[in-house]
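Participant: Structural data only, the sequence is not supplied:
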């Protein structure tokens, strides 16, 4: 609760306090929106445009793979950009930025791990230090800002592409092992913005080189949080508006002592990342959570497609296990495993055979993954079930690609399609539900689960699954599933599946 006066003189109830607080904050924002905000926005825009030619000229003719010697004019550009960017943040209300601790030298610590990541204002430490960073590929397309980011030679990543993420890890490793020739890399190991209420799982990319890292803590100890940018919350422009309407925006940057990994941590990047996360959480006084960016990506897929995931719990558990398993799944690996699974024709594998199929050693994590698909509790699984689940979490926004892959694994020349029981198994895994029932009704097969999420599949015709979903859109209106009307342009042979005679 907020208190406007001290001692027994105050008689304002808690409800009134919050009402008055809301009133005065609203009044402040209303007044500053027509007075201070336009001036600040103009100054910030001017300074960003002023910085652009420095970054653009200094980036001309520069190799992205070889670091040049730091000439006097490049040092001059660095200083100019640091001064301009600091002035820009000052005009935005970040008048005093408190810095605790000391930044280690690049030759001693090549990687800085920053957390919690909650806002695009987290770029402030990057502009102050002129360190490199790991940035989203789409950031480079932002006018002006993309050029400024390009100047510090970021490691770019397309987060939705597993192959791109793998290449990013290799580039981080290459730069980190240069002996201080490359600038330090600032990395947000969480991989996404959170609301700072806790630290989510760290990605292993910053820790794979096995070199010392320096944890960096970010804090925004403001009375009103206007900087947090998450999936469910104010958009980027609203955050900018509200932040520029504050009299002063406080920020703290704390450099913790460098963390040198043990031999065990060098051999186990996941353990290394987790220990650094625990250290940073202790410094923050924040709890830990086992969620990750990939879990968020899976959650977001719920609103993108009529074949979206209904119940996340089982798939999130599977995703966390796969993160610990470090199977190195790429699209090529997934397709190759699907081809081998088709050749098995439903043969069920024990734990050791499953490990050989994946070319991985038998571990507790692999045993846990194996047990998730042991439907009959006899120690054997159908690898096709595993691969459908893996494809679902690997590309959660492309369920029809998973469905096509599943049909390729299950189909054979003798059947000319897939059985209804097999289709039910596929949909149970893709939707994350416990049971799917298929009922033949005249021309259509209504597929529904106990969660009341309904899918309709055309039977005995060449119509494809998604086309039928679109034709029966009304069924989804009764379910708590967001339906996107997408017309499918693919078919799976002449028969999607065949029904046993009733």
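Facilitator: Received it, and whenever you're ready, just let me know what you need. All values derive from a computational prediction rather than experimental measurement.
Participant: For the helix or strand where residue 214 lies, which outside residues touch it?
Facilitator: Following DSSP states H and E, one finds residue 214 within strand 213-219. The contact list for strand 213-219, computed with C-beta atoms under 8 Å, 6 or more residues apart in numbering, reads 103-104, 109, 111-118, 122, 125, 186, 206-207, 251-259, 276, 279-280, 283-284. (C-beta placed from N, C-alpha, C; glycine too.)
Participant: helix/strand/coil for the residue lying closest to residue 372 once chain neighbours are set aside?
Facilitator: Leaving out its chain neighbours, the residue that sits closest to residue 372 by C-beta to C-beta, 6 or more residues apart in numbering is residue 318, at 6.1 Å. Following DSSP: H, G, I helix; E, B strand; the rest coil, the label given to residue 318 is helix.
Participant: Which residue ranges of the protein form strands?
Facilitator: 97-100, 111-115, 132-136, 155-157, 185-187, 213-219, 251-255, 348-349, 381-382, 436-441, 444-449, 454-458 (DSSP state E).
Participant: partners of the second one, with directions?
Facilitator: Spelled out, it's strand 111-115. The partner list of strand 111-115 in its sheet, established with DSSP bridges, is strand 185-187 (parallel), strand 213-219 (parallel).
Participant: Now that strand: average pLDDT?
Facilitator: Computed over strand 111-115, the mean pLDDT rounds to 94.
Participant: show me where pLDDT drops low in the stretch 301-450 of the chain?
Facilitator: Across the stretch 301-450 of the chain, the ranges flagged by pLDDT under 70 are 301-314, 328, 412-418, 420, 432-450.
Participant: Make a PyMOL selection of the buried ones in the contacts of strand 213-219.
Facilitator: To isolate the buried members of the contacts of strand 213-219 in PyMOL, using 16 or more other C-beta atoms under 10 Å:
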select buried, resi 103+104+109+111+112+113+114+115+116+117+118+122+125+186+206+207+251+253+254+255+256+258+259+276+280+284
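Participant: Mind splitting this structure into its structural domains?
Facilitator: According to automatic domain parsing, the chain comprises the domains 16-289, 297-434.
Participant: Please tell me how far residue 318 sits from residue 199.
Facilitator: 22 Å (C-beta to C-beta, to the nearest Å).
Participant: And the helices in the stretch 1-150 of the chain, which stretches?
Facilitator: 14-34, 36-59, 72-91, 124-129, 145-151 (DSSP state H, counting those that start in this stretch).
Participant: what does the stretch 201-350 of the chain give?
Facilitator: For the stretch 201-350 of the chain, the helices defined by DSSP H, counting those that start in this stretch occupy 236-244, 263-267, 269-284, 293-300, 313-325, 331-344.
Participant: just to revisit the earlier point, which stretch among the strands paired with strand 111-115 comes nearest residue 339?
Facilitator: strand 185-187 (35.9 Å; C-beta to C-beta).
Participant: so how far is that closest one off the chain centroid?
Facilitator: Chain-centre distance of strand 185-187: 17 Å, with C-alpha atoms, centre = their mean, to the nearest Å.
Participant: again, but for stretch 360-369
Facilitator: 25 Å.
Participant: Need the residues that contact it.
Facilitator: Under C-beta under 8 Å, 6+ apart, the answer for stretch 360-369 is 318, 321-322, 324-325, 327, 351-352, 354-355, 358, 386.
Participant: repeat that with 6 Å
Facilitator: Applying C-beta atoms under 6 Å, 6 or more residues apart in numbering, the external contacts of stretch 360-369 come out as 321, 324-325, 355.
Participant: Filter these down to just the buried residues.
Facilitator: So, by 16+ other C-beta under 10 Å, the buried ones in the contacts of stretch 360-369 are 324-325, 355.
Participant: circling back: output the strands paired with strand 111-115 as TSV; include the columns mean pLDDT and distance to residue 30.
Facilitator: Shown next, in TSV, are the strands paired with strand 111-115 (pLDDT from 0 to 100; distance: least, C-beta to C-beta, whole Å):
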stretch	mean pLDDT	distance to residue 30
strand 185-187	93	37
strand 213-219	96	28
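Participant: wait, which of those is closest to residue 78?
Facilitator: Checking these against residue 78 by C-beta to C-beta gives strand 185-187 as the closest, at 15.3 Å.
Participant: Touching the closest one from outside, list them.
Facilitator: 111-114, 126, 131-134, 206.
Participant: follow-up on the earlier one: of the strands paired with strand 111-115, which stretch is the most buried?
Facilitator: Of all these, strand 185-187 carries the top mean neighbour count, a mean of 25, counting by mean count of other C-beta atoms under 10 Å.
Participant: what's the span of stretch 256-264, first residue to last?
Facilitator: By C-alpha to C-alpha, to the nearest Å, the extent of stretch 256-264 from end to end equals 22 Å.
Participant: Distance check, residue 275 against residue 247.
Facilitator: 40 Å.
Participant: do residue 182 as well
Facilitator: 40 Å.
Participant: ok, those two, which is more surrounded?
Facilitator: residue 182 (17 against 9; other C-beta atoms under 10 Å).
Participant: For that one, give me its contacts.
Facilitator: 67, 175.
Participant: Residue 406 - nearest residue in space that isn't next to it in sequence?
Facilitator: Counting by C-beta to C-beta, 6+ apart, the residue nearest residue 406 is residue 426, at 4.6 Å.
Participant: give me the number of residues near that neighbour?
Facilitator: By other C-beta under 10 Å, neighbour count at residue 426 equals 24.
Participant: wait, isn't it in contact with residue 405?
Facilitator: No: Residue 426 lies out of contact with residue 405 (C-beta atoms under 6 Å); the separation is 9.8 Å.
Participant: Any figure for the gap between residue 384 and residue 178?
Facilitator: Where residue 178 is concerned, residue 384 sits at a distance of 44 Å (C-beta to C-beta).
Participant: no, scratch that, I was asking about residue 267
Facilitator: 22 Å.
Participant: Since that was my last question, I'll sign off now.
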